[in-house]
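Enquirer: model the structure of this input:
(one chain, ligands or ions: 1)
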Amino acid sequence: MTQPRVLHPIEGSATDLAAYERAGGYEAWRRCLQDMSRDDVVAEIKKAGLRGRGGAGFPTGIKWEKVLNHRVKDRYFVCNAGEHEPGTFKDRYLVNHRPHQLLEGCLIAAHTVNAKAAFIYLNHEYEEEHRHLEQAMAQAKAKGLIGKNIMGSGLDLEIEIFSGQGSYVAGEETAMLESMQGRPAMPRQKPPFYPTDFGLYGKPTLVNNVETLCNIPQIIRRGAGWFTEVGTEKCPGTMLFSLSGAVNTPGVYELPLGSPLRVLIEQYGGGVPNGRKVKAVFPGGPAFSMVTADQLDLAMDFDSLKKAGTGLGSAGVIVVDDATCMVAQTLKFSNFFKGESCGQCPPCRMGTINLATLMEKIERGEGTQKDMDSLLQLCGFVKGTGYCTLVTGAAVLVQSSVKLFKQEFDEHIARKVCPFKGTPAHV
Ligand SMILES: Cc1cc2nc3c(=O)[nH]c(=O)nc-3n(C[C@H](O)[C@H](O)[C@H](O)COP(=O)(O)O)c2cc1C
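Expert: Residues are numbered from 1 along each chain as shown. Sure, this is the predicted structure:
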């Protein structure tokens, strides 16, 4: 059995500062302030090969280096805790259960890039998480780990919680930055491509995901060598998989990157309930192509999934069983994308509405072959357009469903009724 490595071992309450310190908490922060230069920290993160856990898998050390060495001296740091994708709940878990670990990661990141202000953009819907984070922050402040003259070093550093919008698009980094500036959470037109060049108030900004940041204290404290002991060469370390849908024990599981999908579903998820079988899996949430039951030996890491024509995203793994109508399942996510489009770009605004409308018509048994042709044509038109990847995700979802389960679409059209009527779509 593949053993989960617990990146976050804490005995006692994770919101209790003393318990976190007993587990080595804030040692890395102390080391960064007292023994390491900013360049040392960046070098260690680069050596560890940590890749961002927010979806794109971009090398974290390279991002930090870019901001640290930027010619513009006013910089910002923002932790992205927007998390609002169906089937993804690992950041929420971390904020709730490991708030000190997140704070420590944020302190190290903000200090390393020499940020003049640091924020945690937290989905406003996450009230309990908000409370835990505030509690942890108050404890750290009382102990002199945040605030003025930290640990007598002369450094002043505050971290502010920004109550974020709670929409899917608000998690896209440029939309998040826009909303922090008091504007609607809508993605910026690119170029400029990266907040490292043009971020908050147009200044270089380091944006990192919650899980990415929770890895930082461990890498600094235990060293890059420890981090690379598990995972693959190009995707070292572990990943928190949010596992949901048709499994007996859904939850957040931490496994080495590159672990087989089968291990996650069968060993940790306890298999599919009610004697059913896996029909399909979204290995990286609804915006990436599905895989089928014959692909369960796929390695769960950024590169292997990309090679297989899909993606890991933020590792929101959704399992679909063989009692599920794939047209209904697809419609459910098409409606999600429609509801979450911010409406800024016409191809996304109109594309997501029309995709969902056609999907609904087909699901109700009122679709025609012409609707199928229009559906696929529309996917081709909108894919790759838009200021962010939302509409591309909406198109990929439909294309993948039609490619893998065309027969079910055809049956809806031929029989004018859903052959699975009465079975719910998952998630
Ligand atoms: C529609 C959309 C939603 C996103 N939502 C999130 C989110 O909730 N949390 C997150 O960390 N990244 C999200 N991202 C990715 C961010 O834009 C960004 O790449 C990430 O925060 C960078 O952090 P990392 O390098 O540590 O992964 C989203 C991207 C898109 C296109």
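
Enquirer: just checking, Pro347 touches Val382?
Expert: Yes: under the criterion of CB atoms under 8 Å, Pro347 makes contact with Val382 at 4.7 Å. Just so you know, the C-beta spots here come from the backbone N, C-alpha and C atoms, and that holds for glycine as well.

Enquirer: and the two? Which one has more around it.
Expert: Neighbours per residue (other CB atoms under 10 Å) separate Pro347 from Val382, with Val382 holding more: 23 against 18.

Enquirer: tell me which parts of this protein are close to the ligand?
Expert: 52-56, 58, 80, 82-84, 168-169, 171-173, 207-209, 212, 388-390 (CB under 6 Å from any ligand atom).

Enquirer: in helices, which of those fall?
Expert: Applying DSSP state H to the residues of the chain next to the ligand, the entries found in helices are 173, 212, 390.

Enquirer: strands - which of the residues of the chain next to the ligand land there?
Expert: 80, 207-209 (DSSP state E).

Enquirer: count the neighbours of Gln34 for me.
Expert: Counted with other CB under 10 Å, the neighbours of Gln34 add up to 10.

Enquirer: so who does Leu17 touch?
Expert: The contact partners of Leu17, by CB atoms under 8 Å, 6 or more residues apart in numbering, come to 25, 100, 136, 139-140, 143.

Enquirer: packing partners of the helix or strand hosting Val42?
Expert: Assigned by DSSP states H and E, Val42 falls within helix 38-48. For helix 38-48, the elements it packs on are helix 60-68, helix 99-112, helix 210-222, helix 224-227, judged by 3 or more CB pairs under 8 Å, 6 or more residues apart in numbering; DSSP states H and E.

Enquirer: where neighbours are concerned, which of the ones in helices among the residues of the chain next to the ligand has the most?
Expert: Counting neighbours by other CB under 10 Å, Glu173 leads these with 25 neighbours.

Enquirer: just give the number of residues close to the nearest residue to that one once chain neighbours are set aside.
Expert: Distances taken as CB to CB, 6 or more residues apart in numbering place Val207 nearest to Glu173, at 4.6 Å, with adjacent residues excluded. Per other CB under 10 Å, the neighbour tally for Val207 reads 26.

Enquirer: now do Glu128
Expert: Glu128 - counted by other CB under 10 Å - has 10 other residues nearby.

Enquirer: report pLDDT for it.
Expert: Glu128 is assigned 93 on the pLDDT scale.

Enquirer: tell me the secondary structure at it.
Expert: Glu128 falls in the helix class when you classify it by DSSP: H, G, I helix; E, B strand; the rest coil.

Enquirer: do you know how far it is from Met290?
Expert: 32 Å (CB to CB, to the nearest Å).

Enquirer: mind listing the shared neighbours of Pro347 and Val382?
Expert: Shared contacts of Pro347 and Val382 (CB under 8 Å, 6+ apart): Val391.

Enquirer: with adjacent residues omitted, what lies nearest to Val210?
Expert: If you skip the residues right next to it in sequence, Val210 has Asp91 as its closest partner in space, 3.8 Å away by CB to CB, 6+ apart.

Enquirer: where's Ala18, which helix or strand?
Expert: Ala18 is part of helix 17-22 when elements are defined by DSSP H and E.

Enquirer: again but with Gly380, I slipped
Expert: Taking DSSP H and E as the criterion, Gly380 maps to helix 369-382.

Enquirer: now the helices for the stretch 151-300 of the chain?
Expert: 173-180, 210-222, 224-227, 261-262 (DSSP state H, counting those that start in this stretch).

Enquirer: mind listing what the residue lying closest to Thr385 once chain neighbours are set aside touches?
Expert: Distances taken as CB to CB, 6+ apart put Pro347 closest to Thr385, at 4.0 Å, once the chain neighbours are dropped. Applying CB under 8 Å, 6+ apart to Pro347 gives the contacts 381-382, 385-386, 391.

Enquirer: follow-up on the earlier one: can you put the helices and strands packed on helix 38-48 in CSV and add distance to Asn354 and mean pLDDT?
Expert: As requested, the helices and strands packed on helix 38-48 are exported to CSV (distance: least, CB to CB, whole Å; pLDDT from 0 to 100):
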stretch, distance to Asn354, mean pLDDT
helix 60-68, 36, 98
helix 99-112, 40, 97
helix 210-222, 34, 97
helix 224-227, 45, 96
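
Enquirer: quick check: buried residues in stretch 134-141?
Expert: For stretch 134-141, a neighbour-count test (16 or more other CB atoms under 10 Å) marks 136-137, 139-141 as buried.

Enquirer: got it, and stretch 150-159?
Expert: In terms of neighbour count (16+ other CB under 10 Å), stretch 150-159 has its buried residues at 150, 157, 159.

Enquirer: now it, how far from the centre of its chain.
Expert: The gap between where stretch 150-159 is centred and where its chain is centred comes out at 30 Å by CA atoms, centre = their mean, to the nearest Å.

Enquirer: that'll do, ta.
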